[in-house]
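# Let's see this in three dimensions:
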Amino acid sequence: RPRPPPIPTTVSRSPSKRVTATQMPPLASETGRGRRLVAAAVAGVVAVVTLWRRRRAGLSGRTRGMRVVVLKAEGIEVHVSPFGATVTKIIVPDRDGIAADVVLGYDDLVGYEATIDRPYFGAVVGRVANRIANARFSIGAETFTLAATLGANTLHGGVKGFDRAWWRAERLPPTQGGMGEGVRLTYVSPDGEEGFPGTLTA
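All right, here's what the predicted structure looks like:
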């Protein structure tokens, strides 16, 4: 397809001086194709990196955006996500042998990340569970001020509590004592996170 001729454009620099510039716009088809190719390449890289990270961490399941570790034992499944160390599903059979999820939760990561409706379904909360009055506390003569997240108080660790952190997941193999496979979740909260003093490993 032939390219269109250059389009002369007059650009005003000042009231007393005028400059003529030449613009060559790209073909719409070329621009659209290039963007699609770039988008496809980026999506491919993201998919490969995500798969590598999931395999490295031993992650084997998914809850629409949430990486999860799926633990199975004789008809029972437990789904645990590194996001907030959250139990997203427990699937067990009823008296008729029909399997069903018995855990309250959301179907995707967006629900767990929401800031308006935050019931902490299945998650580990911290550094503190429950409220800290007036969003501050004292140790000896030193007072620490926290973010107020429930009125004037701090609830369940602050704005980004342990329920909003990505934990490190390590799959544990079955033991000789009869224990099934498991998962160990670890999170290091640095000194000063959410206003709390000291480094804490959970």
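# okay but G84 is in contact with D163, surely?
Yes: contact criterion CB atoms under 8 Å: G84 and D163 qualify, at 4.0 Å. Using the backbone N, CA and C atoms, a C-beta is placed for each residue, glycine as well.
# shared neighbours, those two?
Listed as contacting both G84 and D163 by CB atoms under 8 Å, 6 or more residues apart in numbering are Y112, A123, V124.
# re earlier: of G84 and D163, which one has the most company?
Set G84 next to D163 and count neighbours by other CB atoms under 10 Å: G84 wins out with 26 against 20.
# quick one: contacts of stretch 89-98?
63, 68, 75-79, 99-103, 105.
# Now list the buried members of those.
T63, V68, V78, H79, G105 (16 or more other CB atoms under 10 Å).
# Quick check: which of these has the minimum pLDDT.
Minimum pLDDT across the buried ones among the contacts of stretch 89-98 is recorded for T63, with 51.
# Low-confidence ranges, the chain, go.
1-65, 176-178 (pLDDT under 70).
# swap the cut-off to 90 and go again
1-68, 72-75, 105-119, 172-181 (pLDDT under 90).
# can you pull out the helices in it?
28-57, 109-113 (DSSP state H).
# Need the contact partners of the shortest one.
Taking CB under 8 Å, 6+ apart as the criterion, the residues outside helix 109-113 that touch it are 63-66, 81, 83-84, 86, 105-106, 117, 121, 123, 163-164.
# show me what contacts G182?
Contacts of G182 (CB under 8 Å, 6+ apart): L71, R171, L172.
# can you rerun that using 10 Å?
Residues in contact with G182 (CB atoms under 10 Å, 6 or more residues apart in numbering) are V69, L71, V78, V80, E170, R171, L172, P173, P174, T175.
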